[in-house]
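Q: pasting the sequence and the predicted coordinates here, then a few questions.
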Amino acid sequence: MSEDKFKLDTIESAIRDVRDGKVVIVVDDKNRENEGDFLASAELITPEIINFMATHGRGLICAPITENISKRLGLNLMVGTNTDPQDTAFTVSIDLKGNGVTTGISVSDRAATIKALIDKKTKPNQFSKPGHVFPLVAKNGGVLRRTGHTEAAIDLPRLAGLKPAGVIVEIMNEDGSMARVPDLIKVAKKFKLKIISIEDLVAYRMEHDSLIEKEEDFEINTRYGKFRLRATNRLRIIIFILL
């Protein structure tokens, strides 16, 4: 089936599958990387999913996380000056210490490392560096700030009511070439996976997702009386509203 005749799945259906611990395929723009990634929730990751991604994705398995997680765990960016054309924010790679983890490369080791990565109880010293899991730091604001697979892997789990963190891998063909949309359609059909676009995810968020998040209420005394203010965060713009 040609790309023109193929209808992508809805964002709602992909959200449901992510919530159910399933893998989905996410494609980006033809004028960007023009590639597809397998994507799953980091919170619900399993060794079986890691094995599926490694076997059928064949690319580099990465773990998109928020800036808050990277700062809390002291995960510095891999390089001081990022010259990647897409500004992909790799941190130093990691392995979980102990907890049954051995070399760090097995599917069970990588699943354990990813689980620990998003656990609020995990301390920075529980990871060895470098390792076999590659965290990626998403832009605050998700796909509305940057239309990358990294941000999609934060937005989809969050929209599914899960922790905002994911696991992604680029999908390659058996001959080692990058899978493009016609190839990705075949992969989706073969494994009965939902396939969506980042473009549609942006549109979904613009229509359904609140861009303003409440952060803090507080009172101030002025010569005109007492005012209660609410500080909110609209992406990275801080605004104040008099109530």
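A: Thanks, I have it.
Q: which residues touch the closest residue to residue 122 other than its chain neighbours?
A: For residue 122, ignoring the flanking residues on the chain, the nearest one in space by CB to CB, 6 or more residues apart in numbering is residue 116 at 4.8 Å. Every residue, glycine included, has its C-beta placed from N, CA and C. By CB atoms under 8 Å, 6 or more residues apart in numbering, the contact set of residue 116 is 96, 99, 122, 126, 127.
Q: and the pLDDT at residue 148?
A: The confidence metric pLDDT takes the value 94 at residue 148.
Q: what about it, neighbour count?
A: Number of residues near residue 148 (other CB atoms under 10 Å) recorded here: 26.
Q: quick check: closest non-adjacent residue to it.
A: Nearest non-adjacent residue to residue 148 (CB to CB, 6+ apart): residue 86, at 6.3 Å.
Q: element containing residue 38, please.
A: strand 36-41 (DSSP states H and E).
Q: now the element after that strand, going C-ward?
A: Next along from strand 36-41, by DSSP H and E: helix 47-52.
Q: hmm, back to that, which among the contacts of residue 116 count as buried?
A: 96, 122, 126, 127 (16 or more other CB atoms under 10 Å).
Q: is the last one in contact with residue 94, as I believe?
A: Spelled out, it's residue 127. Yes. The criterion here is CB atoms under 8 Å, and residue 127 meets it with residue 94 at 4.2 Å.
Q: list residues touching both of these two?
A: Taking CB under 8 Å, 6+ apart as the criterion, residue 127 and residue 94 both touch residue 113.
Q: can you list the domain ranges for this protein.
A: Per automatic domain parsing, the structural domains of the chain span 11-208, 212-242.
Q: which of those has the lowest average pLDDT?
A: Among the domains of the chain, domain 212-242 has the lowest mean pLDDT, at a mean of 53.
Q: which strand or helix spans the most centrally placed residue in the chain?
A: Residue closest to the average C-alpha location in the chain (CA atoms, centre = their mean): residue 153, at 2.2 Å. Element membership of residue 153, judged by DSSP H and E, is helix 149-159.
Q: quick one, that helix and strand 36-41 angle?
A: When axes from the mean of the first three to the mean of the last three CA atoms, to 10 degrees is applied, the directions of helix 149-159 and strand 36-41 differ by 30 degrees.
Q: I would like the residues contacting helix 149-159, please.
A: 11, 14-15, 18, 24, 26, 28, 33, 37, 39, 41-43, 62, 64-66, 88-89, 136-139, 141-143, 145, 163-168, 198, 201, 205, 209.
Q: try stretch 50-64
A: With contact meaning CB under 8 Å, 6+ apart, stretch 50-64 is reached by 23, 37-38, 40, 42, 90, 107, 110-111, 114, 117, 133-138, 149-151, 153-154, 165-172, 176, 187, 191.
Q: now the buried members of these.
A: Buried positions within the contacts of stretch 50-64, assessed by neighbour count (16+ other CB under 10 Å), are 23, 37-38, 40, 42, 90, 107, 110-111, 114, 117, 133-138, 149-151, 153-154, 165-172, 187.
Q: from those, which land in strands?
A: Those of the buried ones among the contacts of stretch 50-64 mapping onto strands are 37-38, 40, 133-137, 166-170, per DSSP state E.
Q: ok, so of the residues you listed, who is nearest residue 78?
A: The shortest gap between residue 78 and any of those belongs to residue 134, at 8.5 Å (CB to CB).
Q: ok, and the closest non-adjacent residue to the closest one?
A: Among residues not flanking residue 134 along the chain, residue 62 sits closest, at 4.5 Å (CB to CB, 6+ apart).
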